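Novice: Predicted model follows, preceded by the sequence.
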Amino acid sequence: MGRKILITGGIKSGKSQFALNIAREIEGAIPQLHSPLITTPDPVEKIFIATALPIDREMEDKIEKHKRERGSDFKTVEEAIHLGDVFKGINPSTAVIDCLTLWLSNLFFETSEAERESEIESFIKVLKEFEGNAIIVTNEVGWGIIPQDEISRMYQSELGILNQRTAQICDEVYMLISGIPLRIK
């Protein structure tokens with residue numbers, strides 16, 4: 001079994017870059033120099049699962065910036081809804097999911113409540129069974145004020161529960177604060 005790592009924190013806290021650095025450092029997940037005198041195993045495929053939807057110009061720019069940051073050493077899979085299905089097709093590998101926060105938001109606005117619950121259950125089940133390395137990025141959204149509208153309160157609550165369920169499955173959990181990682185599990 002590979003490692004399962006959850007990275008959480010606030011917006012612009014350095015989570016995505018930290019996730020990419022971990023993926024690049026995992027043994028077997030980085031390109032290795034080949035010499036006729038040394039035989040090395042093939043590196044494990046590195047996959048970046050992008051959950052963002054390009055809903056406006058700002059988001060399009062952010063997506064392009066992230067693509068440049070990760071370079072060509074990651075195969076990119078864009079999936080806004082069916083995250084569990086993606087994991088079924090990439091086992092084993094090293095996968096970075098960026099991020100659960102946007103994925104849940106997509107589920108809120110693109111699916112029914114029953115479909116949302118089904119997608120979450122599928123993701124949790126597949127993550128438990130995943131044999132590769134999973135590095136999962138999410139946000140902490142419950143540290144501010146209680147939102148005024150019902151849908152925002154429901155989203156905040158569901159993301160908190162999703163983060164807890166994911167953290168329980170993960171071997172390691174990191175909190176990023178101002179670009180500084182703090183291992184909390």
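Specialist: It's in.
Novice: how close does Arg24 sit to Ile135?
Specialist: Note on Arg24: its distance to Ile135, by CB to CB, to the nearest Å, is 10 Å. Using the backbone N, CA and C atoms, a C-beta is placed for each residue, glycine as well.
Novice: Please apply the same query to Ala50.
Specialist: The gap separating Ala50 from Ile135 is 13 Å, by CB to CB.
Novice: what's the spacing between the lowest-mean-pLDDT helix or strand in the chain and its chain's center?
Specialist: Lowest on mean pLDDT, DSSP states H and E among the helices and strands of the chain sits helix 57-70, with a mean of 86. Here the centre of helix 57-70 is set off from its chain's centre by 16 Å, with CA atoms, centre = their mean, to the nearest Å.
Novice: wait, isn't Gly160 in contact with Gly142?
Specialist: Yes. Contact criterion CB atoms under 8 Å: Gly160 and Gly142 qualify, at 5.1 Å.
Novice: Can you give me the neighbour number for Val141?
Specialist: Residues lying near Val141 (other CB atoms under 10 Å) number 18.
Novice: Could you do the one 4 residues further on as well?
Specialist: The burial metric for Ile145, expressed as a neighbour count using other CB under 10 Å, is 5.
Novice: do the same with the one 4 residues further on
Specialist: Using other CB under 10 Å, the number of residues around Asp149 comes to 8.
Novice: Quick one, grab the pLDDT at it.
Specialist: On pLDDT, Asp149 comes in at 93.
Novice: re the thing from before, tell me which of Ala50 and Ile135 has more neighbours.
Specialist: Taking other CB under 10 Å, Ala50 and Ile135 do not tie; Ile135 has more neighbours (29 against 21).
Novice: so when I look at that one, I'm seeing a strand, right?
Specialist: Yes. According to DSSP: H, G, I helix; E, B strand; the rest coil, Ile135 belongs to a strand.
Novice: can I assume it is in contact with Ile97?
Specialist: Yes. In terms of CB under 8 Å, Ile135 counts as a neighbour of Ile97; the distance is 7.2 Å.
Novice: Which stretches in the protein count as helices?
Specialist: Ranges of helices in the chain, per DSSP state H, are 15-25, 57-70, 83-88, 100-110, 113-129, 150-169.
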